[in-house]
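1. Provided below for reference: sequence and predicted model.
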Amino acid sequence: MFGMKAVEPIIVVDLFEPLLEHLLNLLLGLDEQDWKRETPCAGWSVKDIVLHLLGDDIGKLSGGRDKDTSSFLPPGPDLVSRINAQNQIWVEATRRMSPHLLCNLLEHTGQQIISYFKSLSLMEMNGVVSWAGPNRAPVWLDVAREYTERWHHQQHIREAVGQPELTEPTLFTPVLDTFVRALPWTFHVVEAAEGTTVALCVEGEAGKQWYLVRQEGKWSLFTECDFAPVTLVTMKQEIAWRLFTKGIAKERAMKEATIEGNKAYAEVLFQTVAIIA
């Protein structure tokens, strides 16, 4: 047997620069019609997603780096709806920007984001990453979350304009590794016997296998495990990232996957979401 090996911190600070370079190279090659193309984000064009990414940079620099507290969330019944409303207000207010100016600003804020994230103490505890649970999370997880936000929205742009996804393992494996950190919280209400194990195998060059194990009254995530899984879910990497970002319906994802063993645990796994809004 392998022995038990818990998941490790995900350090992505050096990946923001190549990810930004890929994005800017992509955007600079678009024509006027490309900027208007619809994306998988309902109601948003390519330009709208780029505006959203610029807003992410500005929000993180202002609130995180500069400790500015003047930002507010619009009224709403819950956090997700309030964040969605804030995002929509930003996009609608900034649509007058030209693509050329937008690229200039994104390069400017992107470089500042890179410097800011490199300045952080990654092992310190920070605020909550809501999809990973209600407790404070380490800085590295918040930074990894920011990385996945920029990666998956770039994929939306690439899909809209017919360009290949960024699936090389160096850039993509940390995305999948971050998304699966939502699994323990997804399962937190599921009672099970000690040692119960659910395995997720993501197929593809960037994929890996993870084990969710019930230990001491909670679920924990491992990359190596002594327990035989009661459920094994196998899915392709292109299905996995879409599932975790609400880019594919749970029912369709389950049809695309292979499920062995107890299907009740698989039903829970396919409810996993690793984005806030």
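-> Done, it's in.

2. hey, which helix or strand in this protein has the poorest pLDDT?
-> None of the helices or strands of the chain scores lower by mean pLDDT, DSSP states H and E than helix 79-94, at a mean of 90.

3. Run the angle between the helix or strand following that one and helix 79-94 for me.
-> Per DSSP states H and E, the first helix or strand lying C-terminal to helix 79-94 is helix 99-119. If you take axes from the mean of the first three to the mean of the last three Cα atoms, to 10 degrees, helix 99-119 sits at 140 degrees to helix 79-94.

4. can you list the residues that contact helix 99-119?
-> Contacts to helix 99-119, defined as Cβ atoms under 8 Å, 6 or more residues apart in numbering, come from residues 13, 16-17, 20, 23-24, 27-28, 30, 32, 35, 47, 50-51, 53-54, 57-58, 60-61, 64-65, 97, 143, 146. The C-beta positions use only the backbone N, C-alpha and C, and glycine is treated the same way.

5. Please repeat the previous calculation with a cut-off of 7 Å.
-> 13, 16-17, 20, 24, 27-28, 35, 47, 50-51, 53-54, 57-58, 60-61, 64-65, 143 (Cβ atoms under 7 Å, 6 or more residues apart in numbering).

6. And residue 252, its phi and psi?
-> phi -70, psi -40 (degrees, to the nearest 10).

7. what's near enough to touch it?
-> Here residue 252 is in contact with no residue (Cβ under 7 Å, 6+ apart).

8. where does it sit relative to residue 234, distance-wise?
-> 16 Å (Cβ to Cβ, to the nearest Å).

9. before we move on, what about residue 22?
-> Residue 22 is 29 Å from residue 234, by Cβ to Cβ.

10. Mind giving me the ChimeraX command for buried ones among the contacts of helix 99-119?
-> To isolate the buried subset of the contacts of helix 99-119 in ChimeraX, counting by 16 or more other Cβ atoms under 10 Å, use the following:
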select :13,16,20,27,35,47,50,51,53,54,57,58,60,61,64,143
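
11. residues near residue 198, how many?
-> Number of residues near residue 198 (other Cβ atoms under 10 Å) recorded here: 26.
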